[in-house]
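Q: Below are the sequence and a predicted model for it; my questions follow.
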2 protein chains.
Amino acid sequence: MKIITINRQFGSGGREVGKRLAEALNIAFYDKELLNMIAEETKMHPDFIDKFDEVNVMNFNFSFGRSFYTYQQSPTEQVQIAQGNIIKQIADKESAVIMGRCASHILKDSNPFKIFIYSSDMDLRVKRCFAKDPNDKKSEKDMIKEINKIDKQRAKYFEYYTNEKWLDISQYNLCIDTAKVDIKTAVSMIVSAINNN
Amino acid sequence: MKIITINRQFGSGGREVGKRLAEALNIAFYDKELLNMIAEETKMHPDFIDKFDEVNVMNFNFSFGRSFYTYQQSPTEQVQIAQGNIIKQIADKESAVIMGRCASHILKDSNPFKIFIYSSDMDLRVKRCFAKDPNDKKSEKDMIKEINKIDKQRAKYFEYYTNEKWLDISQYNLCIDTAKVDIKTAVSMIVSAINNN
């Protein structure tokens, strides 16, 4: 069973690396696919779940019911718990590439291969984001703001649920900068690392 | 011209990766070799320079000469300056793999390929250290202490001279955990990254 987790900076091409890697290894790929599975498990609307996706919501809504000791889970917590369960079920069932969502931490007992994909070139990241959505009429400056905002959210989310730093090398087994290593090469490097592991 | 800098955790096999990489690419390799070059430039004894090697000496010895404004460099500063000059001269002259010593930072204007080699498995690191020096009669516990001490020194040294964190992914273009990727595979991954760069 091969479980590969990929954390990634926004606009680094991490999703593409993950998708191509799953194809190359002929194993399952989970990214936004997880959201529908969480929606099904929690009976919440996928759009609602999407709002919490890799965003750390610090203010849990503690609601007290019949007695002082009856504690009801907030929607955020329900989503997190469902997500954790689903990620564990996937890893028990099949080989897979799982994108973000603290899967590296959730699955730490099964010793997954943990990858971080990033890019040291902000211009390339901006171009990749515009290429993904040609209808996006943001200015370049606003795109940079958006990229930094999403990275900050992912870092906070990771740090909240794992107590570790998102950009700390020790959290991963392989980190690749797509500004220096093109995506095709990155995928074949990872395949060779996985196959020799 | 190919300039590759490698930072590495002690006992991770980083030196071996660097040496084999230089051989595979048929380019120069600089590690302890730098110390003799510094000794030659500063006219200091190599053993004396070895003491400062990748160790941050915070207490500069300010010595005042003829006037209040005459400032004489401390031996530590002289070693650092000579080391910086030598690393720059190497990068100007030839393709090379340079181990540690803040070369990634010293050469940042020439955009080197920056690698970090580490190991998430302390047992493997301990075994590698004992294999390197079979006469070492340290206990395993003391070897772990030694490994952690040297890593801490390297981190402090890096952080002092670069103002950046040693374990921060953004400092590098490729980070490989030799507990998950064997050294032979790591070298061929790096070769493919460099050749496609």
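A: Yep, that arrived. Please read all numbers here as calculations on a predicted model, not as lab measurements.

Q: ok, A:Asn173 touching B:Asp121?
A: No. A:Asn173 is not in contact with B:Asp121 according to C-beta atoms under 8 Å; the separation is 10.5 Å. Using the backbone N, CA and C atoms, a C-beta is placed for each residue, glycine as well.

Q: what residues do the two have in common as contacts?
A: Counting by C-beta atoms under 8 Å, 6 or more residues apart in numbering or on different chains, the residues touching both A:Asn173 and B:Asp121 are B:Ala179.

Q: higher neighbour count, these two?
A: A:Asn173 (27 against 15; other C-beta atoms under 10 Å in any protein chain shown).

Q: Could you give the backbone dihedrals for that one?
A: Note on A:Asn173: backbone dihedrals following degrees, to the nearest 10 are phi -100, psi -20.

Q: Around chain B, which positions in chain A sit nearby?
A: A:113, A:116, A:118, A:120, A:167-170, A:172-177, A:179-182, A:184-185, A:188-189, A:192-193, A:196-197 (C-beta under 8 Å from any C-beta of the partner chain).

Q: 6 Å instead, please
A: A:167-169, A:173-177, A:180-181, A:185, A:189, A:192-193, A:196-197 (C-beta under 6 Å from any C-beta of the partner chain).

Q: Please tell me which one of these counts the most neighbours.
A: A:Ile176 (33 neighbours).

Q: wait, is it part of a strand?
A: Yes. Assessed with DSSP: H, G, I helix; E, B strand; the rest coil, A:Ile176 lies in a strand.

Q: Relative to chain B, how far out is the closest residue to A:Leu107 other than its chain neighbours?
A: Computed as C-beta to C-beta, 6 or more residues apart in numbering or on different chains, the closest residue to A:Leu107 that is not its neighbour in sequence is A:Ala91, at 5.2 Å. Taking C-beta to the nearest C-beta, to the nearest Å as the measure, A:Ala91 falls 17 Å from chain B.

Q: so how far is A:Ala28 from A:Ala91?
A: Counting by C-beta to C-beta, to the nearest Å, the gap between A:Ala91 and A:Ala28 amounts to 10 Å.

Q: Between those two, point out the one with more neighbours.
A: A:Ala91 (20 against 14).

Q: so what's that one up against?
A: Shown in contact with A:Ala91 (C-beta atoms under 6 Å, 6 or more residues apart in numbering or on different chains): A:3, A:107, A:110.

Q: ok so, going back, quick check: the farthest pair among the residues of chain A next to chain B?
A: A:Leu167 and A:Asn196 (26.4 Å; C-beta to C-beta).

Q: tally of neighbours for the closest residue to A:Gln78 other than its chain neighbours?
A: Distances taken as C-beta to C-beta, 6+ apart place A:Thr42 nearest to A:Gln78, at 5.2 Å, with adjacent residues excluded. A:Thr42 has 17 neighbours, counted by other C-beta under 10 Å.

Q: now do A:Ile144
A: 17.

Q: Cheers, nothing more for now.
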